[in-house]
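Visitor: everything below, folded, please.
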Amino acid sequence: MGSPGRVGAFGVLALLFGLAFALPAMAEDLIVARAAFDDPTREMTIADVVGREFTPIPGATLFRKGVGGSAHWLRLRVRAPAEGGSVVLYILPAYLSDVRLFEAGPGDPNSWRTRATGSDHPFAERDRRRAALGFVVTPSEPEATYFLRLETNSHAQLNVKALRPGEAESRDAARDLAMVFFATAMAALLVWALQGYLLDRQRIFGLFALHQAVYLLFGAAATGHLAQVAFALFRISVTPAAFALLYFGIALTPLLFCRDLFAPYRPARWPMRALAALPFAIPVEIALLLLGRTDLAVALNALVVRLSWPLFVVVAFSLGRELSPRRRTLQAFFIVIAGVNAIFWLSNQGLLSASKENLEGMKLLVADGFLIGGLFAAMLHARGRQARQEAQNATVEMLVMREKLALERDLKERMEAQARTDYLTGVFNRRHFVELAVRELERAQRYRRPFALLMIDIDHFKTLNDTLGHATGDAALRALARVIGNTLRGVDIFGRLGGEEFAAVLIETGETEAVDIARRICRAVSETEIATASGNPVRLTVSIGVAHSHDRAIDFDGALNEADQAMYAAKQAGRNRVEINRGPRPA
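Guide: Model (predicted):
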């Protein structure tokens, strides 16, 4: 997402779109004079206005009026083509609500034939089923007079030319090609935004996708192509209410997007509050639309649009935190967008000289859409790149933290193991062995279960150390600890008490079985050969004392003392044997 290849592809697409705009649009306009008349009452008929004085529109093809309650009449004198035949009255913009043509009846200049076009009328009833509005007329030699009555809920403006049919078709083809490139580019940005949202789940990508979808539909509706496609595919018409809602959408979606864009930069409170307040105009506009005051709703929405872009500039200059894209970049972006929108608006109002050449609504729309969409995409790409970088950094930090925690846990476990393990033999040390043994004795007494304790001492260990050295003694301790541990069961508790003394607690073991286990230990130890430095292995024996609870109350020290006494008795009896301290029996 956001790769140089895709950015380059968008640039090529924009270039092609610019070339489409540059297609030759020069065509002979057969209108020789234009004049306008306003009807504030909206009740005057053609008979009422024919004799009225019209105001000439010199040197221009574009009639402009703001949103208002008047009906507007245009009187056109159209020259018949030298070759004869029909003429197309080519009318823009395509979103006008109601445009009516009045032409004198044949043979009677006081009778008038009427035709109508515009978004208030079904697409199927148009003279020309194309995106642009228009009428096909056949002017008489040398010229004929026609009247157009314009009544619309949007800004009242009308651009009309009288063209030969072939020239009208060429202009339609150029507009269709421009719309294809516009829709392709806007749809590409829409798909890019949706991909970004599905990938990162960032709301700002979703808002940009919503902006692109609304602007794409609005663009298609404003140029008349949505009505053409809707009729061709579904045999339905695009109503003025639907167009008005799309117009509201192109005011709302930049507000939502920019509010999310600005928020991480910690802008000043008051412009952000103003930015948050503007979307509340949309429900008012919808209410006005439902009440039939579409003109007021459109005027309010136009005001919201005009306030939005300067406010974006103010917010951009109030940002208090540096992020990507940088604050200066955002400021430059919004200054450019606000400036271009101001130029378009001034041109649309006829306040710039360029408007005399008719800065066509299609070009305004598309240029504005490309500019806003492209700059928004660039900012979003920078934001997404930063978010992914932050996510990568967070992932690295998380992995480092996880590794650190794993090392700390491993160190803790090793320290805990060292705290309870005898460093030489690897069995439990005295402290941990006693803790476990006491716990087991308490359990056995609580549930009246058997408890057996073995005291194990290596015979003649001091002599081994003195004659063969401590290294051999350490090897002997490790070997015998391993042998004894392997002889005991997995549930039994085994530890080194110190020096050559070991002890074992036999879980759930009666006296007889405990003696059998002790004897197996003696036998296993006596059969074990221990390597020495001289190469001659030696064998050792152990003496074992057994103490048993016999279902009596006894503490661990008492049990350990009994096992110790039994162990010394085994040594006195000749070593390498097992003795049991039967102790006092319960009555």
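Visitor: by contact count, what packs against the helix or strand where Arg414 lies?
Guide: Mapping Arg414 onto the secondary structure by DSSP states H and E places it in helix 361-420. Packed against helix 361-420 by the contact rule (3 or more Cβ pairs under 8 Å, 6 or more residues apart in numbering; DSSP states H and E) you find helix 4-21, helix 165-200, helix 203-222, helix 240-262, helix 327-348, helix 430-446. The way it works is simple: take the backbone N, C-alpha and C, and place the C-beta from them, glycine included.
Visitor: burial measure for the residue lying closest to Val88 once chain neighbours are set aside, as a count.
Guide: Across the structure, with Cβ to Cβ, 6 or more residues apart in numbering as the measure, the residue nearest Val88 apart from its sequence neighbours is Ala168 (3.9 Å). Each residue near Ala168 was counted by other Cβ atoms under 10 Å, and the total is 23.
Visitor: how about Pro106?
Guide: Per other Cβ under 10 Å, the neighbour tally for Pro106 reads 9.
Visitor: helix or strand for Arg52, which one?
Guide: Under DSSP H and E, no helix or strand contains Arg52.
Visitor: thought Phe37 was touching it, still the case?
Guide: Yes. Contact between Arg52 and Phe37 holds when scored by Cβ atoms under 8 Å: they sit 5.6 Å apart.
Visitor: give me the more crowded residue out of these two.
Guide: In this view Arg52 and Phe37 are compared by other Cβ under 10 Å, and Phe37 has more residues nearby, 18 against 12.
Visitor: any buried residues in the helix or strand that one falls within, and which?
Guide: Under the assignment given by DSSP H and E, the secondary-structure element containing Phe37 is strand 31-39. The neighbour-count criterion (16 or more other Cβ atoms under 10 Å) identifies Ile31, Arg34, Ala35, Ala36, Phe37, Asp39 as the buried residues of strand 31-39.
Visitor: what's the closest non-adjacent residue to Leu92?
Guide: Take Leu92 and drop its neighbours on the chain: the residue closest to it by Cβ to Cβ, 6+ apart is Asn159, 4.4 Å away.
Visitor: okay, and the beta partners of the one you found?
Guide: For Asn159, the beta-bridge partners under DSSP bridges are Leu62, Leu92.
Visitor: just use 20 as the starting number from now, easier for me
Guide: All set: I'll call the first residue 20, so the last point we hit is now Asn178.
Visitor: give me the pLDDT value at it.
Guide: At Asn178 the predicted local confidence, pLDDT, stands at 83.
Visitor: from Met198, how far out is Thr242?
Guide: Distance of Thr242 to Met198, given as Cβ to Cβ, to the nearest Å: 6 Å.
Visitor: and if you look at Arg190?
Guide: 13 Å.
Visitor: and the two? which has more neighbours close in?
Guide: Here Arg190 and Met198 are compared on neighbour count by other Cβ under 10 Å; more neighbours surround Met198, at 24 against 21.
Visitor: check what pLDDT the closest residue to that one other than its chain neighbours gets.
Guide: Using Cβ to Cβ, 6+ apart and skipping residues adjacent in sequence, the residue nearest Met198 is His244, 5.0 Å away. If you check His244, the pLDDT there is 89.
Visitor: His244 reaches Ala150, doesn't it?
Guide: Yes. Judged on Cβ under 8 Å, His244 makes contact with Ala150 at a distance of 4.7 Å.
Visitor: tell me, what's touching the two both at once?
Guide: Common neighbours of His244 and Ala150 are listed as Asp195, Met198 (criterion: Cβ atoms under 8 Å, 6 or more residues apart in numbering).
Visitor: comparing these two, which residue is more hemmed in?
Guide: Counted by other Cβ under 10 Å, His244 and Ala150 do not tie: His244 has more neighbours, with 24 against 20.
Visitor: now do the same contact list for the more buried one.
Guide: Contacts for His244 (Cβ under 8 Å, 6+ apart) come out as Ala150, Asp195, Met198.
Visitor: with respect to Leu297, which of the residues you listed is nearest?
Guide: When these are ranked by distance to Leu297 (Cβ to Cβ), Met198 comes first, at 29.8 Å.
Visitor: quick revisit: okay, the contacts of His244 in JSON lines with distance to Leu182 next?
Guide: Formatted as JSON lines, the entries for the contacts of His244 read as follows, by distance: Cβ to Cβ, whole Å:
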{"residue": "Ala150", "distance to Leu182": "15"}
{"residue": "Asp195", "distance to Leu182": "16"}
{"residue": "Met198", "distance to Leu182": "19"}
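Visitor: any idea which of those is closest to Ile503?
Guide: Ile503 has its nearest neighbour among the contacts of His244 in Met198, at 90.7 Å by Cβ to Cβ.
Visitor: verify the stated contact: the closest one with Ala239.
Guide: Yes. Met198 is in contact with Ala239 according to Cβ under 8 Å; the separation is 7.0 Å.
Visitor: shared neighbours, those two?
Guide: In the contact map built from Cβ under 8 Å, 6+ apart, no residue is linked to both Met198 and Ala239.
Visitor: show me how the chain divides into domains.
Guide: Following the assignment in automatic domain parsing, the chain carries domains at 23-33+188-413, 47-182, 449-600.
Visitor: of those, which shows the lowest average pLDDT?
Guide: Comparing mean pLDDT over the domains of the chain, the weakest stretch is domain 23-33+188-413, at a mean of 81.
Visitor: state the distance from Asn360 to Pro273.
Guide: As defined by Cβ to Cβ, Asn360 lies at a distance of 10 Å from Pro273.
Visitor: more neighbours: these two, which one.
Guide: When Asn360 is set against Pro273 and neighbours are counted by other Cβ under 10 Å, the residue ahead is Pro273, at 24 against 19.
Visitor: out of the helices and strands packed on helix 380-439, which is closest to Ala495?
Guide: Ala495 lies closest to helix 449-465 among the helices and strands packed on helix 380-439, at 19.1 Å (Cβ to Cβ).
Visitor: quick one: buried residues of the closest one?
Guide: Residues of helix 449-465 classed as buried by neighbour count (16+ other Cβ under 10 Å): His451, Phe452, Val453, Leu455, Ala456, Glu459, Leu460, Ala463, Gln464.
Visitor: which other helices and strands does the next helix or strand after it contact?
Guide: Helices and strands here follow DSSP H and E; after helix 449-465, the next one along the chain is strand 470-477. Contact here means 3+ Cβ pairs under 8 Å, 6+ apart; on that basis strand 470-477 packs against helix 449-465, helix 489-506, strand 520-526, helix 530-545, strand 561-567, helix 575-591.
Visitor: so which of those is the most surrounded?
Guide: Per-residue neighbour counts averaged over each of the helices and strands packed on strand 470-477 give the maximum for strand 561-567, namely a mean of 27 (mean count of other Cβ atoms under 10 Å).
Visitor: strands paired with that one, and their directions?
Guide: If you go by DSSP bridges, strand 561-567 pairs up with strand 470-477 (antiparallel), strand 597-600 (parallel).
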